[in-house]
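Engineer: Have a look at this prediction, sequence included:
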Amino acid sequence: MKNILLVCAAGMSTSLLVNKMKEYADSIGEQIEIFALPISECSTVANKVDVVLLGPQVRYQKSQVESIVPAGIPIEVINMRDYGTMNGKAVLDRALQLVNQ
C-alpha cells in the first residue's frame with residue numbers, strides 16, 4: 001500500500017482533493033492511504049509516507065517540509081491548475097509517478 005501526504009494550510013480545500021484522489025484510486029483498484037495535514041503535523045507521519053505533495057498555497061514552506069521528511073522521499077508542489085480544479089486523477093497520477101521513479 002502506498003502512502004501519500006498532502007501538506008496544506010487549513011485543510012478545507014485539500015480535504016476535497018483527498019476525497020477526489022481516493023475516488024480515483026478506488027476506481028483503478030489502487031490501495032492508497034492519503035493524509036492531508038498542516039505542516040505543523042507533518043512529523044507525525046513523515047516516516048510512513050512514500051511521497052509528499054504541497055498545496056500551492058504552502059509552496060513557500062517546501063524547504064521546511066524537506067527538513068522534516070526523511071531523505072529519498074519525493075516532495076513536490078501540486079500543479080496549481082490541478083489543485084484549483086480538484087483534479088484528483090492528475091494529482092494522484094503525478095504522485096504515483098514520483099513514487100515509482
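Structural biologist: Perfect, thanks for sending it. Numbering: from 1, shown residues only.
Engineer: Beyond the helix of greatest length in the chain, next helix or strand please.
Structural biologist: Taking DSSP state H as the criterion, the chain has its longest helix at helix 12-27. The helix or strand immediately downstream of helix 12-27 is strand 32-38, counting by DSSP states H and E.
Engineer: helices or strands up against that following strand?
Structural biologist: strand 2-8, helix 12-27 (3 or more CB pairs under 8 Å, 6 or more residues apart in numbering; DSSP states H and E). Every C-beta, even on glycine, is put in place using the N, C-alpha and C of the backbone.
Engineer: Just the mean pLDDT for it, thanks.
Structural biologist: For strand 32-38, mean pLDDT is 92.
Engineer: and it, C-alpha only, in CSV?
Structural biologist: The C-alpha coordinates for strand 32-38 follow below in CSV (Å, rounded to 0.1, in the frame of the first residue of the first chain):
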residue,chain,number,x,y,z
ILE,A,32,-3.6,4.1,-1.2
GLU,A,33,-3.7,5.9,2.1
ILE,A,34,-3.8,9.7,1.7
PHE,A,35,-3.2,12.1,4.6
ALA,A,36,-3.9,15.9,4.5
LEU,A,37,-2.1,17.7,7.3
PRO,A,38,-0.9,21.1,8.1
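Engineer: Just want the angle from it to strand 2-8.
Structural biologist: Calculated by axes from the mean of the first three to the mean of the last three CA atoms, to 10 degrees, strand 32-38 forms an angle of 20 degrees with strand 2-8.
Engineer: Strand 32-38: what's the following helix or strand?
Structural biologist: strand 51-54.
Engineer: in the helix or strand that that next one is followed by, what counts as buried?
Structural biologist: Sequence order places helix 62-68 as the next helix or strand after strand 51-54, per DSSP H and E. By neighbour count on 16 or more other CB atoms under 10 Å, the buried set for helix 62-68 is 62, 65, 68.
Engineer: what does stretch 64-80 give?
Structural biologist: Within stretch 64-80, judged by 16+ other CB under 10 Å, the buried ones are 65, 68-69, 73-75, 77-78.
Engineer: And the contacts of that stretch?
Structural biologist: Identification of contacts with stretch 64-80 by CB atoms under 8 Å, 6 or more residues apart in numbering yields 6-7, 17, 39, 42-43, 46-47, 49-56, 59, 62, 90-91, 94, 98-99, 101.
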